[in-house]
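Participant: Okay, structure incoming, though there's no sequence with it:
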C-alpha cells in the first residue's frame, strides 16, 4: 500500500473540517480502504468525540512523535470498521509541540500500511496549518456559502498554491437550497466562480449531522441522511469514481451552470 | 457580471448577489495585497513614465485588476492624445 495523504482545511473555524474528516474517513473505510484520521489540532482535540472514540484514548499524536509510545499504540482502531484508525491530538500541549517535518516523518511511516491518511487541520494560517499541509498529497478546502468563510478559503488556497502543494479541491458545506432559491445564499456556482478551483462535493445543511454527532456516530452511517450521502459521494470521487451530482431537490439551474463552468469535469 | 446587468435594469439585488459582488472586490485585493493607496501611486507613476514617451491624458487613464480564474491581471487603459491636438 502507498497511502495518499489528504489534508482537510478551511482557514476559518467552524465550517465543518472535523465533521468532514470523520465522515470521509468512515466512508472510505466502508469502501474497504485502510484509513487513518489524524487530529492535528493540538490543544483543541475534537476529532475523537466526533468519531465517537473519545473513551479509548491512551496515547496521542505528540506521544508518538516524542517517542513515549510506538506509533501503533497511538492508533485507536474503530469498532465499526476494523480498517479505520484515529490518531488523536494531545490536549495538554500546543501547536508548537510538533513541527512540519515531524508530521512528514510520521506520515511516511504510515504510508506503507494505509490507503488514505486524512489530516484534520486546525483553523488559522499559522503553525498548525503548516504542520497539516507539510505531508499532504492533496488538499480539500471546506467552505460554507457565506462571505467570511469564502474569503478565508481563498486565502488558504493562495497559501497552498504558494507552497506548491495540492491539487486543491473544494467542498461546499451547509448549502441550504431554499435560501439559494430565494437569492439569500451564495449558490454553489457562485462559490466556485469566486474561488476558481475544482469542486469535489456539495453537502446540504442537514439536522441529522448534529443528531448523529451527538451519538458519536458520523452521519455517513445514517443511510437516510442527505449529508451522509453527499459525504459518501465525496469519498467515491476521492477514489476516482465518477459520481453524478445530487440535485438537492432544487431546479434553480445551478447544476446546469456548474456543468458549463466545468465542461468535461466529473 | 450578471449582477451588474440586473442592477442596470433596476432589479433589486438579492443578498446573495450583494455577497458575491462584495467578495469579488475583497478577493482581488486580498490576492494582490495592493491597497487603494498603492493602486493610486502605481497609477501616478505609470502616467509619469508613459508621459515621457507619448502624450496622454491622465484623466482618461484607467488601471484595474481583473481575475481570470485564479490568475490576476493588471489592465491599464491609456488613450493616447492625437498628435494633431498636441501641435495646436
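Facilitator: Done, it's in. Everything quoted here is computed from the prediction, not taken from an experiment. Numbers count the residues shown, from 1 in each chain, chains lettered A, B, ... in the order given.
Participant: residues in contact with residue A:46?
Facilitator: A:18, A:39, A:89 (Cβ atoms under 8 Å, 6 or more residues apart in numbering or on different chains). The C-beta positions use only the backbone N, C-alpha and C, and glycine is treated the same way.
Participant: Tell me the first helix or strand C-terminal of the helix or strand in which residue A:189 is found.
Facilitator: Applying DSSP states H and E as the criterion places residue A:189 in helix A:188-195. Next along the chain after helix A:188-195, taking DSSP H and E as the criterion, comes strand A:199-204.
Participant: Now the helix or strand just after that next one: buried residues?
Facilitator: Sequence order places helix A:207-214 as the next helix or strand after strand A:199-204, per DSSP H and E. By 16 or more other Cβ atoms under 10 Å in any protein chain shown, the buried positions in helix A:207-214 come out as A:209, A:212, A:213.
Participant: Checking residue 28 next. Helix, strand or coil?
Facilitator: Using chain A. helix (DSSP: H, G, I helix; E, B strand; the rest coil).
Participant: That one: how many residues sit nearby?
Facilitator: By the measure other Cβ atoms under 10 Å in any protein chain shown, the count of residues near residue A:28 is 28.
Participant: looking at it, it is touching residue A:237, isn't it?
Facilitator: No: between residue A:28 and residue A:237 there is no contact under Cβ atoms under 8 Å: 11.2 Å.
Participant: which residues in chain A form strands?
Facilitator: Per DSSP state E, chain A carries strands over the ranges A:4-9, A:35-39, A:76-77, A:84-87, A:116-120, A:138-143, A:168-175, A:199-204.
Participant: that older thread, helices and strands around the helix holding residue A:189, which ones?
Facilitator: Where contact means 3 or more Cβ pairs under 8 Å, 6 or more residues apart in numbering or on different chains; DSSP states H and E, helix A:188-195 is packed against strand A:138-143, helix A:147-162, strand A:168-175, strand A:199-204, helix A:254-261, helix B:15-32.
Participant: Report the inter-axis angle for the last one versus helix A:188-195.
Facilitator: Regarding helix B:15-32 and helix A:188-195, their directions subtend 20 degrees when assessed with axes from the mean of the first three to the mean of the last three Cα atoms, to 10 degrees.
Participant: Report whether helix B:15-32 contacts chain A.
Facilitator: Yes: judged by Cβ under 8 Å from any Cβ of the partner chain, helix B:15-32 comes into contact with chain A through B:15, B:16, B:17, B:19, B:20, B:22, B:23, B:24, B:26, B:27, B:30, B:31.
Participant: still on that earlier bit, now tabulate the buried residues of helix A:207-214 in JSON lines and tack on distance to chain B and pLDDT.
Facilitator: Output for those, formatted as JSON lines (distance: Cβ to the nearest Cβ, whole Å; pLDDT from 0 to 100):
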{"residue": "A:209", "distance to chain B": "23", "pLDDT": "97"}
{"residue": "A:212", "distance to chain B": "29", "pLDDT": "95"}
{"residue": "A:213", "distance to chain B": "28", "pLDDT": "95"}
